[in-house]
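> Sharing a model that was predicted from the sequence below.
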Amino acid sequence: MFVIITYDVGEKRVSKVCKKLRAYLRWTQNSVFEGEITKGNLMKCLNEIQKITNPEEDSVYLYQVENPYHIQKKILGQEKGFDELFL
């Protein structure tokens, strides 16, 4: 399945959440990750993130797209991605 995960977490936890998500998905913009993932890996990823985040202070949003052909992505401006950090 295709997923988009966004997050707004405390400053001390940002790098930990980012590192976990990079292990499973592609970074597209600050606090936004997307990509194909199995249901098993998604559950594993979310469990790991729950161990890091504080539910009273942090927010993590998950958008699941069962069929990625039903979603269109349009980028206005410059496309950002993990690869650009090394160019």
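Structure's in. What do you need? Numbering: from 1, shown residues only.

> Now do the phi/psi pair for N47.
Note on N47: backbone dihedrals following degrees, to the nearest 10 are phi -60, psi -40.

> could you measure it against L62, distance?
Using Cβ to Cβ, to the nearest Å, we find N47 at a distance of 13 Å from L62. All C-beta atoms are positioned from the backbone trio N, CA, C, and that covers glycine.

> E34 - nearest residue in space that isn't next to it in sequence?
Nearest non-adjacent residue to E34, counting by Cβ to Cβ, 6 or more residues apart in numbering: I4, 4.6 Å away.

> That neighbour contacts V32, doesn't it?
Yes: when contacts are counted by Cβ atoms under 8 Å, I4 is listed as touching V32 (7.0 Å).

> which residues sit in contact with T38?
Residues in contact with T38 (Cβ atoms under 8 Å, 6 or more residues apart in numbering) are M1.

> For it, give me the pLDDT.
Model confidence at T38, given as pLDDT, is 95.

> what do you get for L21?
We have a pLDDT of 97 for L21.

> Verify the stated contact: it with V3.
No: using Cβ under 8 Å, L21 is not in contact with V3, being 10.3 Å away.
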